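Participant: sequence plus the predicted model coming up.
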Amino acid sequence: MATLMTHRSWAGYLAIAVTVPAALVSQVPGATLTGRVVQKGDSSHAVRGAQIVLASDGRHVVTDSSGSYLFGGIPVGVHHVVVRALGFRPVEFSVALHDGVQSLEDIQLDAAPGVQELAPVAIAAPAATAVSYRLVDFERRRQTGRGHYLDDTQIKQSGASRLSDLMRGMRGVTEHCAGNGCTIQMVRARPGCDPDYIVDGRPDNMFGSSTPIRDIVALEVYTGPSDVPGEFAGKSAGCGVVVIWTRAGPDTRKH
């Protein structure tokens, strides 16, 4: 049975802080919930791919390779949150969130009964094989020759430290820098028209542009409406579309 705990009861669990740029958080309406998910009894064991779910509407975010998560745009009030990950017991707790406030929730998960940590096994298959089933559409669109495409190998070889570094030099892509940092824009877009960001198949204009490079396994960049595939077309398609695939993305296969 999942354990019900309050925001205050988690405060003493972990001495782990997640730093989020203040400028980024201040741009997000509503409240923000952030923190890390780790294995209980071993704070160095990050739980990657854990889902943090708002019970009220089913929205969720997924932890990255360091176990970190950032959930913005949450309505003010008391929320019931469910945290679940493969191989671990789910955890439930309630937290009171306030407008414009970043609430820190570091969460420990118990391993589910019968789950054992196995010794690493070396395999000959390429690392990308584990996520290739999610990239079927990526490969299909790459064959059209419309847009820019980078796979895991190309991303690693680029040596880029940020998404903007990765996209620098692409035809039809430019970078606008101001006091608050740099943003990507498409050459054909009107000034101030930012591209749409799609992360693991879901629109994410709030945090998509800040996705850590280490978590990106594939990238698609469409610089204008004539390049944008039908599945990503929308009212903002004229500003371009950036499609990001992450290592911790959900399994979307049909069963």
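Facilitator: Sure, I can see it.
Participant: what's the burial count for Ala217?
Facilitator: In this structure residue 217 is Val, not Ala. 25 (other C-beta atoms under 10 Å). (Glycine included, C-beta is placed from N, CA and C.)
Participant: could you confirm it falls within a helix?
Facilitator: No. Counting by DSSP: H, G, I helix; E, B strand; the rest coil, Val217 is not part of a helix but strand.
Participant: which residues in the stretch 1-150 of the chain form strands?
Facilitator: Using DSSP state E, counting those that start in this stretch, the strands of the stretch 1-150 of the chain run over residues 3-6, 31-39, 42-46, 51-54, 60-62, 68-74, 77-84, 91-97, 102-104, 107-109, 148-151.
Participant: strand partners (parallel or antiparallel) of the last one?
Facilitator: The one in question is strand 148-151. Here strand 148-151 has these sheet partners by DSSP bridges: strand 216-222 (antiparallel).
Participant: beyond the strand it pairs with, next helix or strand please.
Facilitator: strand 241-246 (DSSP states H and E).
Participant: that following strand pairs with which strands?
Facilitator: Checking strand 241-246 against DSSP bridges gives partners strand 196-199 (parallel), strand 216-222 (antiparallel).
Participant: what about the chain, any weak spots by pLDDT?
Facilitator: Applying pLDDT under 70 to the chain flags the ranges 1-29, 114-133, 179-181, 234-236, 251-255.
Participant: now do 80
Facilitator: Within the chain, the stretches with pLDDT under 80 are 1-29, 43, 101-102, 112-134, 176-182, 233-238, 249-255.
Participant: spell out the secondary structure type for Gln154.
Facilitator: Note that with three-state DSSP, the state of Gln154 is helix.
Participant: next one: Leu166
Facilitator: What three-state DSSP gives for Leu166 is helix.
Participant: quick check, it in contact with Lys156.
Facilitator: No. In this structure, Leu166 is not within contact of Lys156 by C-beta atoms under 8 Å, at 10.7 Å.
Participant: more neighbours: those two, which one.
Facilitator: For Leu166 versus Lys156, the count of surrounding residues by other C-beta under 10 Å is larger for Leu166: 20 against 15.
Participant: can you tell me how far that one is from Pro90?
Facilitator: Leu166 is 35 Å from Pro90, where distance means C-beta to C-beta, to the nearest Å.
Participant: likewise Ile198?
Facilitator: 28 Å.
Participant: now do Val243
Facilitator: In terms of C-beta to C-beta, Val243 sits 30 Å off from Pro90.
Participant: and the two? which has more neighbours close in?
Facilitator: Taking neighbours as other C-beta under 10 Å, Val243 and Pro90 compare with Val243 leading, 26 against 17.
Participant: if we ignore the residues flanking it in sequence, what's nearest that one?
Facilitator: Spatial nearest neighbour of Val243, chain neighbours left out: Glu220 (3.8 Å); criterion: C-beta to C-beta, 6 or more residues apart in numbering.
Participant: I'd like to know how many residues surround that neighbour.
Facilitator: 23.
Participant: Leu86 now?
Facilitator: Count around Leu86 with other C-beta under 10 Å applied: 11.
Participant: burial measure for Asp57, as a count.
Facilitator: So Asp57, with other C-beta under 10 Å, has 10 neighbours.
Participant: dump stretch 194-202 to PDB, keeping only the CA atoms.
Facilitator: This file holds the C-alpha atoms of stretch 194-202, laid out as PDB (Å, rounded to 0.1, in the frame of the first residue of the first chain):
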ATOM      1  CA  ASP A 194       9.700  31.500 -30.500                       C
ATOM      2  CA  PRO A 195       9.500  27.900 -31.800                       C
ATOM      3  CA  ASP A 196       7.200  25.300 -30.300                       C
ATOM      4  CA  TYR A 197       9.000  22.600 -28.300                       C
ATOM      5  CA  ILE A 198       7.700  19.000 -28.300                       C
ATOM      6  CA  VAL A 199       9.300  16.700 -25.700                       C
ATOM      7  CA  ASP A 200       8.700  13.000 -26.000                       C
ATOM      8  CA  GLY A 201       5.600  13.700 -28.100                       C
ATOM      9  CA  ARG A 202       4.100  16.300 -25.800                       C
END
